[in-house]
Structure formats: C-alpha cells, structure tokens
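Visitor: Got a predicted model here, sequence first, then my questions.
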Amino acid sequence: MCTTSSAAECINVEQAVVVDVFSTAGRWASRTDTFKLRLADGEHLTNIYFDVFAPDVYFAPVGGRLRVHEFRGRITTIYSADGKGWETGDSPNGGESWRGGVGAALIIFSAPVLFIALVLVRGFGLKWIWRLLKNPNTSRSIYPDYVK
C-alpha cells in the first residue's frame with residue numbers, strides 16, 4: 001500500500017488496545033479527550049480536541065480495541081465506534097476545529113473596528129456621528145451644539 005522508499009513515511013492502519021481514556025473540560029464548553037493506547041510498537045498518548053459544537057462521541061471502553069492511523073510513529077486519526085475518523089493533536093492537519101480559527105479571526109479583525117467606533121462615539125457623540133452618516137457631503141463642525 002505504501003509507495004515510498006521509507007517505511008517511516010507510510011500511514012499504518014492498526015488496531016490499538018485502549019489502556020486509559022479521560023476527558024478534560026475546557027473553556028466555553030470545549031473538551032479534550034486523552035487516550036492512552038497500546039500499539040504493536042508500545043504505548044502512545046494522544047489527544048482529540050472538541051469544540052462546543054462537537055457531538056458526544058463514543059470510541060471504545062478501556063480494554064477495548066480501536067482502529068487508528070499511525071504516521072511517523074504518532075497516532076494521527078482515531079476511529080469512533082460508528083466508523084467516523086477523528087483527527088488527533090498529532091495530525092499533520094493539527095486536529096483543530098475550523099470554527100475556532102474562524103472565531104479567532106473574527107475577534108482579531110473586528111476588535112480594531114469596534115475600538116475605533118467606541119472612540120468616535122465617546123469623543124463626538126452618537127448624534128453627531130448619525131448626522132454625519134446621514135449626509136456625509138455637508139460640512140459639520142466638530143462641536144455642532146456650541147457653534148452655530
């Protein structure tokens with residue numbers, strides 16, 4: 001199945017024995033499931049990160065068997081009992097949720113805009129900004145209520 005010259009570059013599909021499983025609660029209802037798995041080459045410790053929108057997934061009981069992908073000596077994918085693959089933190093893709101990246105990007109890009117809006121509202125007042133937005137072509141004094 002592997003076409004590379006080095007066996008270390010191959011993705012191995014193996015059966016793993018579950019030694020231990022525990023879940024750690026994160027912020028904003030996220031969680032991390034940590035697996036201690038026994039493969040042919042020894043025991044491995046790996047994590048799967050779940051965000052708030054992730055379903056509750058059943059993998060296998062302690063002592064049960066799981067199907068896993070191993071790449072370069074690290075477990076990259078663990079398959080749940082229903083056959084769906086879940087990427088681990090050791091996956092080359094990172095195993096991260098795309099929603100977390102989108103949320104971080106929204107916060108990063110919207111924070112400066114919201115800060116500037118806050119400064120304008122506090123400095124000039126909401127009424128002055130509303131007048132300016134309604135008719136941007138007229139010249140307005142910075143102090144419209146005082147200078148007539």
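Guide: That came through, no problem.

Visitor: domains of this protein?
Guide: 7-96, 97-148 (automatic domain parsing).

Visitor: which of the ones you listed has the lowest average pLDDT?
Guide: Lowest mean pLDDT of these: domain 97-148, a mean of 75.

Visitor: Relative to the whole chain's centre, how far out is that domain?
Guide: From the chain centre to the centre of domain 97-148 is a distance of 30 Å (CA atoms, centre = their mean, to the nearest Å).

Visitor: What of stretch 24-33?
Guide: The answer for stretch 24-33 is 11 Å, by CA atoms, centre = their mean.

Visitor: Could you pull up the residues touching residue 123?
Guide: Counting by CB atoms under 8 Å, 6 or more residues apart in numbering, residue 123 makes contact with nothing. C-beta here means a position set from N, CA and C on the backbone, and glycine is covered the same way.

Visitor: Tell me where the chain has strands.
Guide: 11-25, 31-39, 42-50, 65-71, 74-79, 85-87 (DSSP state E).

Visitor: and among the domains of the chain, the most buried is which?
Guide: Here the criterion is mean neighbour count by mean count of other CB atoms under 10 Å, and of those the winner is domain 7-96, at a mean of 15.

Visitor: on that earlier part again, CSV for the strands of the chain, including distance to residue 106?
Guide: CSV is the format used below for the strands of the chain (distance: least, CB to CB, whole Å):
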stretch, distance to residue 106
strand 11-25, 24
strand 31-39, 22
strand 42-50, 19
strand 65-71, 32
strand 74-79, 29
strand 85-87, 23
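
Visitor: Quick check: which of these is nearest to residue 114?
Guide: strand 42-50 (28.2 Å; CB to CB).
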